[in-house]
Structures are given as C-alpha cells and as structure tokens.
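Student: Only the shape, not the letters, is given here:
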C-alpha cells in the first residue's frame, strides 16, 4: 500500500527551492572555473540544509546526480543489475541504489 506524504505550503516552497538550487548547480558545473565549482558545492549544501530544516527529503532523481560525500556533480553512473552504482570522480566515493526490476510472477 503506497501512502503519499501530505506536505504543507512551507514544504512545497522548500522543494521548489531545492530544485532551483540543483538547476543553478548544474549551470555552474558546465563552466570550468574553480570559483564556480565552489558555488556548486555551496548550492548543494544549501539545498540539503533547506531540506533538513523544513523536514523535506531531497527527491530520488536529484540524489542520484551528486556525490554525497564531497557535494560534487562529477560522477559516473554504472548500471549493474540489481544496482545502480554512482562513483564520484573527485573523491572515489561509491553509492549503490537498488534498481526497480519488475518481476512478473
């Protein structure tokens, strides 16, 4: 049984801000200046803090786009069933996500 969480207006606003910060981080990632790399890390840490303060988790599709350890967007995705492995290029941190394999019974 799937239960949807009821979110209030503050949590909706927090989610909108989180999505916007991830968009800005992706735009900054495309540039090569080191100063802009610091901005991407700052945006991602700010998104995490907003989520913690407003009791909102970062959506799954966004969690798979950055390194949880160093807040870098330089990642490599490897799909090895039944896992999606995300490996950071900077710090070599690996995170596994379970793939949703639909099994027919």
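Tutor: Ah, there it is. All figures in this text were calculated on a predicted structure; none of them were measured in a lab. Residues are numbered from 1 along each chain as shown.

Student: For the most centrally placed residue in the chain, which non-adjacent residue is closest in space?
Tutor: Nearest to the geometric centre of the chain sits residue 63, at 2.6 Å (Cα atoms, centre = their mean). Excluding the flanking residues, the one nearest residue 63 by Cβ to Cβ, 6 or more residues apart in numbering is residue 97, at 7.9 Å. C-beta: built from backbone N, CA, C; applies to glycine.

Student: From residue 56, how far out is residue 12?
Tutor: 9 Å (Cβ to Cβ, to the nearest Å).

Student: Between the two, which is the more surrounded one?
Tutor: residue 56 (19 against 12; other Cβ atoms under 10 Å).

Student: And the pLDDT at that one?
Tutor: Reported pLDDT at residue 56 in the predicted model: 94.

Student: What values do phi and psi take at residue 76?
Tutor: The phi and psi values for residue 76, taken as degrees, to the nearest 10, are phi -120, psi 130.

Student: which residue sits closest to it, ignoring its sequence neighbours?
Tutor: Per Cβ to Cβ, 6+ apart, closest to residue 76 is residue 87, 4.9 Å.

Student: Give me the neighbour count for that neighbour.
Tutor: 15.

Student: So the residue nearest to residue 63 belongs to a strand, correct?
Tutor: Yes. Assignment of residue 97 by DSSP: H, G, I helix; E, B strand; the rest coil places it within a strand.

Student: was I right about it contacting residue 80?
Tutor: No. Using Cβ atoms under 8 Å as the test, residue 97 is too far from residue 80 to be in contact (11.1 Å).

Student: the more surrounded of those two?
Tutor: residue 97 (15 against 9).

Student: Do a quick rundown of the helices in this protein.
Tutor: Assigned by DSSP state H, the helices in the chain fall at 9-29, 34-53, 60-63.
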